[in-house]
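Engineer: Using only what follows, build the 3D model:
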Amino acid sequence: MERPSLEINLPDTHEEGKLYVVDSLNNLNKLNVCPDGSEHALDEEENTDGAGENAAESNIRNQCFFFVTFILTLIVSLALVSFVIFLIIQTRNKLDQISSKLISEKKNIEELKKMHNMILKHLNQSGIKE
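Structural biologist: Numbers count the residues shown, from 1 in each chain. Sure thing, here's the model as predicted:
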């Protein structure tokens with residue numbers, strides 16, 4: 001048994017004409033859609049065989065750069081927060097020292113007022129007037 005051939009012979013000139021028209025339309029579309037500089041970028045991407053590899057390497061490089069930047073930002077933020085906490089603790093200690101001094105000075109002033117009042121009473125009782 002012989003099988004009939006399923007091949008259809010089309011004239012090559014007609015196919016070449018279709019390809020030429022499609023290619024021309026693609027070029028026209030590139031000129032209308034793409035700005036001046038990006039047309040060359042599209043041509044380079046089509047012509048290079050390792051464009052996918054370069055894009056993958058660039059993507060990995062960008063991710064690494066982002067990760068390193070993120071880690072550095074976290075470290076700097078942690079250092080700043082630690083410094084602010086240190087300053088808050090130091091300020092609280094200074095305020096505690098100042099308030100304890102003020103309380104002791106207040107007690108001294110009250111004792112001086114009492115002594116002044118006692119001296120005035122003693123002078124008034126002794127009859128010495130100014």
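Engineer: next SSE after the lowest-mean-pLDDT helix or strand in the chain?
Structural biologist: Here the helix or strand of the chain ranked lowest by mean pLDDT, DSSP states H and E is helix 36-47, holding a mean of 52. On the C-terminal side of helix 36-47, the nearest following helix or strand under DSSP states H and E is helix 51-126.
Engineer: so where is the protein shaky, pLDDT-wise?
Structural biologist: 1-22, 29, 32-52, 128-130 (pLDDT under 70).
Engineer: mind running it again at 50?
Structural biologist: Applying pLDDT under 50 to the chain flags residues 1, 5-8, 10, 39.
Engineer: Could you check how far residue 92 is from residue 98?
Structural biologist: Residue 92 sits 11 Å away from residue 98, going by Cβ to Cβ, to the nearest Å. Every C-beta, even on glycine, is put in place using the N, C-alpha and C of the backbone.
Engineer: same check, this time on residue 80
Structural biologist: On the measure of Cβ to Cβ, residue 80 and residue 98 end up 27 Å apart.
Engineer: Also residue 111?
Structural biologist: Counting by Cβ to Cβ - residue 111 and residue 98 are separated by 20 Å.
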